[in-house]
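In: Take a look and give me a structure for this.
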Amino acid sequence: VLSISGVVTATTATATDRGIVLAAGTSATGVTVNGGGDTGGNAKVSITGSLSAGDGGTAANSGSVEIRALDTISGSAAITAADTLVSASANGNVSHTGALESTGGDTTLSAAAGTVEASGGLTVGGNYAVTAQDFLAGALAPNFGAGTTNDFTITDTAGGISLGTLSAPGTLSVTALNGGTITLAGGALASTNEAVALTAAAGISVAGVSTIVSAAGQTLTGPGDLGADLTLTSSGGGAIVINGTVDGASNLVVNTGGATTFAGAIGVGTALASLTTDAGGSTQVNGGSVTTTGNQSYNDNVSIDESTTFSGVDGSFAGTLTGTGTSDLTLSFSGATSLQSVSNIEDLLSNGGGTTLLNGNVSTSGGQNYADAVTLGADVTLASSGNGAITLASTVGGAQALTVNTGGTTTFGGAVSITALATD
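Out: Okay, here's the model as predicted:
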C-alpha cells in the first residue's frame, strides 16, 4: 500500500519520470492519497504524470486507487485502477483532465460542494456514481465497455441538472437534492438491462421531446411539467410509476406490459395534450383526475382507487374499468367515450356533451347517469346493485339488446332504437 498524507504533487520531471506509478504485482495492494485535514489551502491534491494500481492478488483493496481531499483535486494524470477508483473532495472541485479507468471495479467521483470534470475520458469496469453541484466535460459520459449490469448513479446537490441522452447497462438513477430540478432537454434516457429512476422533489421538467427506455421498471418521483412530449417504455414489462402530479400541454405516452401507476392528479394545473397507454398490463389512476385538451386512450385495463374524473375530447377505454366499490366515476369527454366494461363503481356520470359507446356491461352500487347519446356496440346490461337510478337522458341506438336492472328508477329521456329492451 502506498499511503501519503498531506499535500501531494506528482510531476513529470523527465521523459522517463512519470510521477507516481504502481505496477502490477503481489505487493501492489493499492494507492491511497489523502490531501490532509485542514481548510487553509493545504488540503489539495494535484497529480500530473500517471498513477496506476495493478492487481495485488487477494490483498485488501488490491488494485484500488483512492484520492480524497477537503479542498480541490486536480491534475492531468492518467489514472488506472485494476479495482475501485475513488476521487472525492469534501469542499472543493474534482477535475481530472487525464484519462480515468477502473478496469475491474466501481468508480466514484464526488464533489458535493463543487464541480466534477472528467475531460480526459472515463472508462468504468463496474458501477459509476458521480455527485456534484455541476457536471463538466466527461463527468456524465462514462464508457461501460461490454458491461451488462453496470449501474450509473447521478446525484446533483444544488441548482438542478439538465440531461440529454444518457444510457447505462444497469440501473440509471438521477437524483436532484436541495430544491433542484431534473430537466429532460431532449433525447433518450436508457437502461439496457435494468431500471430507470428519476427523483426531484422540486420537479421533473421536460424541455425537449424525450424518451425513457428500460428493460425493467421506471420510477419518476416529483411533480412533472411537460413542456414537450414524453414517452416512457419498458421493453421487459416492468412497472412504470409516476409519483407526482403531471401538468403541461404536451403528449404523454406510457408503454409497458406491466403495471402503470399515476399516483397524482394528471393535468389538474395545465391540461396535457393527450395521454396514451399501450395494450397489455394495467393502469392505476390514484390522483382523482385526468385532464387533457385532446384524447385519452387506455389500451389496457384501468383501475381507480378514489372518485375520479376523466376529461378531454375522445376517451377510449379498451379494457376493463374498475373502482374500489365506493369510488365514483365521471366521464366528461366532449367527443366520443368508448367503454368495454365498467364494474365496482358507486355512481357513474357521463356528461361531456359528446357520445358514449357501450361495448360491455356496466355495474354500479349506486346510480348511472348518461347525459349524452348512447350507442350499443354489443348486448349490454346496466345494473345497480344498490337500487340506484339509471338515467339515459338522450337517445339510445345500436343494433343490439339492452337490459336495465335496478330496484330504483329507470329513465329514458330520448328515442330508443335498438333490437331489444328489458327492465327488471
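In: Identify the bridge partners of Phe135.
Out: In this entry, Phe135 is beta-bridged to Val116, by DSSP bridges.
In: ok now do it, which residues does it touch?
Out: 115-116, 154, 156, 161 (C-beta atoms under 8 Å, 6 or more residues apart in numbering). No exception for glycine: its C-beta is placed from N, CA and C like everyone else's.
In: and which of the residues you listed is nearest Asp314?
Out: Asp314 has its nearest neighbour among the contacts of Phe135 in Ile161, at 36.9 Å by C-beta to C-beta.
In: If the closest one is in a bridge, with which residues?
Out: Counting by DSSP bridges, the residues bridging with Ile161 are Ile182.
In: number of nearby residues for it?
Out: Neighbourhood size, Ile161 [other C-beta atoms under 10 Å]: 23.
In: Check the gap between it and Ala137 for me.
Out: 15 Å (C-beta to C-beta, to the nearest Å).
In: low-scoring stretches of the protein, by residue?
Out: Applying pLDDT under 70 to the chain flags residues 1-43, 54-62.
In: which one of the contacts of Phe135 sits closest to Asp225?
Out: Using C-beta to C-beta, the contacts of Phe135 come closest to Asp225 at Ile161, 15.0 Å.
In: wait, the closest one sits on Gly180?
Out: Yes. Taking contacts as C-beta atoms under 8 Å, Ile161 lies within contact range of Gly180: 6.7 Å.
In: Could you count how many residues lie near the closest residue to Phe310 other than its chain neighbours?
Out: Leaving aside its chain neighbours, Phe310 sits nearest to Val290 (5.1 Å; criterion: C-beta to C-beta, 6 or more residues apart in numbering). Neighbour count for Val290, taken as other C-beta under 10 Å: 26.
In: With Asn91 instead?
Out: Neighbours around Asn91, by other C-beta under 10 Å: 14.
In: ok, back up a step: of all the contacts of Phe135, which two lie farthest apart?
Out: Spatial extent of the contacts of Phe135 (C-beta to C-beta) is set by the pair Thr115 and Ile154 at 13.5 Å.
In: Among the two, which residue is more densely surrounded?
Out: Comparing Thr115 with Ile154 by neighbour count (other C-beta under 10 Å), the higher total belongs to Ile154, at 23 against 17.
In: what sits opposite the more buried one in the beta ladder?
Out: Val130, Val174.
In: check contacts around it.
Out: Taking C-beta under 8 Å, 6+ apart, one finds 129-131, 135, 140, 161, 173-175 in contact with Ile154.
In: cool, Ala271 as well?
Out: Here Ala271 is in contact with 247, 249, 291-293, 311-312 (criterion: C-beta under 8 Å, 6+ apart).
In: dump the residue contacts of the closest residue to Thr409 other than its chain neighbours.
Out: Counting by C-beta to C-beta, 6+ apart, Ala389 is the residue found nearest to Thr409 once chain neighbours are left out, at 4.6 Å. Taking C-beta under 8 Å, 6+ apart as the criterion, Ala389 is in contact with 367-369, 406, 408-411.
In: what do you get for Asn369?
Out: 347-351, 389-391, 393.
In: Equivalent analysis for Thr115, please.
Out: If you count contacts by C-beta under 8 Å, 6+ apart, Thr115 has them with 93-95, 132-136.
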